[in-house]
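Trainee: just a sequence and a predicted model for now, questions to come.
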Amino acid sequence: MRDFERVGLLLFVALSGYLVLVIEGAKLIINPSGQTQSQPAGKGFGLTCQGDADNPDLFTEMKWVGPKGELVEGSSGPIEVSKAGGLLLLMFREPTTEDSGSYNCSAVYDNIDPLNTGVQLVFYRRPSELRDIRNVKGTATTLTFEFEGPLDDGGLPIRAYVVKYYEQNEPYDDAIVQEWSEGFPYVLENLKPRTIYKFRFAARNEVGVGEWSDEREIKTPAESYPEPPKFITPGGNISTYPDRFQIRWTVPLDNGRKIDYFELRYFEAEKKNGVWRRIGETVVKEVRDWENAPSYEMTRLKANTFYKVEVRAHNDIGFSQDATMVFQTAAGSEHEHQSNGYQGTVSSSLSIGAIFAIIVAVALVVLIIIDITCYVRYHWGVVFFLRSRVCAKPMANEKAKEAAFEDGKGGGNETNNGNVKLDANSVAVTVTEKGDNFEKKTRTEVDNPAFDKEKEPFKVNEETEKDNEGEVANEDTPMIVSAGAKDTKANDGTADDVKNKSPKGSKSSIAKDSLV
């Protein structure tokens, strides 16, 4: 029994796989392809549905279903369905916008589940002819038009308006085509002065260009002075500054002659009886260089004052009409001043440069305070470094004096009580401890054997002098040589002996170039 169940299960699995392969291998194809198709109304159009499989003859029950229901094969009318071989045709003789919708093709392959595919059809009409075309303005090189839209837009919004124009003496094939987007000014530029042109107009939607209007002729006028410029005032007529105001304006049509410059006039004004009247002198300027929109900044204005400015364009023929504007300067600070020949006001706020200078000054003061604190408490910093460099020599002199004092005190040598000046550059003290005796040598004498031979004569002279004076100095008696004694002995011709005299029992000597 179990063997039969296993065989049945295997057959079911195999049959299911076969059915899946059959369904996946068969499909329906619609031509022209595309899930959404737009077609003009009133023009014949057709679709075909075809089964795609290894065996197309297994497709059965193939049919078309429209937005209003199933379309019967063999019926006649605006929409017809017919079969040709393996194709099922859907023909639209004269489609209208009401025929738009979803059209599906369905069929059954090999008596299994039905297959289905579809397409979205949209039938549009081209717009009808434009109405009431008017030439509202003409210059030597431009024409401006206005018109009303078509009565029938084809079921779609109008995307653009099209004009086709050419000169009277030129063939129609050389016509120029130009489009204007919906809502933009309809202006033709770069025309020739005193020339007759022929024009035709039409509207365009997503389907295409609609019916063309009747042809009309328009003659452009002769060259003349430019059109007046127009001010561009994005910030309004109130200046944000008390002493200046910048204006911008458009470059007008030149009417056949190139614009060479703009003349600008401005003056202080006041309103009396509804009319702005000039006060004071008029400032006149010429603007000859510009890119895109010309501009000019008026300076040296009074605060909280009304000004009137006039701008006009110039070409070879003459000036255009004036473009005028009245603006007001902002209120200034309470500190009024007179600068550059006018009475005005300035803002009391600090400039960026002044703020930066204050910040730098405060930073320097803080750094100096920190450096002085580091010098006093920790002996480092910029001030300590400069003091060490500048005052290094005086510090060495102090150290030399202290060393000489300690040597004289400990070794029984001459003691400097402040009456004798010591030069640290000429005297170097070397102390060598040998028991209780200390040896002091000058810088020129240290480690120099030549001085040993010169010591004997000095000792003989010292004994003679001491016998004459009747005093004997021991090692514990400090010797003080005063400046007066040295001068007296120098006058007696014994300056060299005085300079080289050393106390008894001392092995040190004083250099000849020493101050002592």
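Mentor: Arrived safely.

Trainee: for Ser388, grab the count of nearby residues.
Mentor: A count of nearby residues for Ser388, using other C-beta atoms under 10 Å, gives 12. C-betas here are computed from N, CA, C, even on glycine.

Trainee: what about it, which SS state?
Mentor: helix (DSSP: H, G, I helix; E, B strand; the rest coil).

Trainee: who touches the nearest residue to Leu47 once chain neighbours are set aside in this structure?
Mentor: Nearest non-adjacent residue to Leu47, counting by C-beta to C-beta, 6 or more residues apart in numbering: Leu90, 4.4 Å away. Applying C-beta atoms under 8 Å, 6 or more residues apart in numbering to Leu90 gives the contacts 46-49, 64, 71, 79-81, 103.

Trainee: among the residues you listed, which are located in strands?
Mentor: 46-49, 64, 71, 79-81, 103 (DSSP state E).

Trainee: can you select the buried ones from the residues you listed in ChimeraX?
Mentor: Selecting only the buried entries of the ones in strands among the contacts of Leu90 in ChimeraX, with 16 or more other C-beta atoms under 10 Å as the criterion:
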select :47,48,49,64,71,79,80,81,103
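
Trainee: so where's the stretch 251-400 of the chain uncertain?
Mentor: 333-350, 391-400 (pLDDT under 70).

Trainee: quick one on the thing from earlier: before we move on, which element is the residue nearest to Leu47 in?
Mentor: Per DSSP states H and E, Leu90 falls inside strand 87-92.

Trainee: tell me the buried residues in that strand?
Mentor: 88, 90, 92.

Trainee: what's across from the second one in the sheet?
Mentor: In this structure, Leu90 has the following beta-bridge partners (DSSP bridges): Leu47, Val81.

Trainee: so it versus Met62, what's the distance?
Mentor: Distance, Leu90 to Met62, using C-beta to C-beta, to the nearest Å: 11 Å.

Trainee: overlap in contacts, those two.
Mentor: Applying C-beta under 8 Å, 6+ apart, one finds that Leu90 and Met62 are jointly contacted by Cys49.

Trainee: hmm, back to that, go through the contacts of Leu90 and name the one nearest Gly25.
Mentor: Cys49 (17.7 Å; C-beta to C-beta).

Trainee: tell me the contacts of Pro221?
Mentor: Going by C-beta under 8 Å, 6+ apart, Pro221 touches 138-140, 193-194.

Trainee: of these, select the buried ones using a ChimeraX command.
Mentor: Applying 16+ other C-beta under 10 Å to the contacts of Pro221 leaves a buried subset, and the ChimeraX line that selects it is:
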select :138,139,140,193
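
Trainee: among the contacts of Pro221, which are in helices?
Mentor: Counting by DSSP state H, no part of those is found in helices.

Trainee: pLDDT and distance to Ile279 added to the contacts of Pro221, as CSV?
Mentor: Shown next, in CSV, are the contacts of Pro221 (pLDDT from 0 to 100; distance: C-beta to C-beta, whole Å):
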residue, pLDDT, distance to Ile279
Gly138, 90, 40
Thr139, 90, 37
Ala140, 91, 39
Pro193, 93, 42
Arg194, 93, 45
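
Trainee: for stretch 155-169, the averaged confidence score.
Mentor: For stretch 155-169, mean pLDDT rounds to 91.

Trainee: other residues contacting it?
Mentor: Under the contact criterion C-beta under 8 Å, 6+ apart, stretch 155-169 has outside partners 41, 97, 124-125, 127, 130, 145, 147, 149-150, 172, 174-182, 186, 188, 192, 195-207, 209, 212, 217.

Trainee: if you set the cut-off to 6 Å instead, what comes out?
Mentor: The contact list for stretch 155-169 (C-beta atoms under 6 Å, 6 or more residues apart in numbering) reads 97, 124-125, 149, 174-182, 196-206, 209.

Trainee: got JSON lines for the buried residues of strand 87-92, with distance to Tyr166 too?
Mentor: As requested, these are exported to JSON lines (distance: C-beta to C-beta, whole Å):
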{"residue": "Leu88", "distance to Tyr166": "50"}
{"residue": "Leu90", "distance to Tyr166": "44"}
{"residue": "Phe92", "distance to Tyr166": "38"}
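
Trainee: pick the one among the residues you listed closest to Tyr296.
Mentor: Phe92 (65.3 Å).

Trainee: correct me, but the closest one touches Phe45?
Mentor: Yes - with contact defined as C-beta atoms under 6 Å, Phe92 reaches Phe45; the gap is 4.7 Å.

Trainee: against Ile30, how distant is Gln37?
Mentor: Taking C-beta to C-beta, one finds Gln37 at 10 Å from Ile30.
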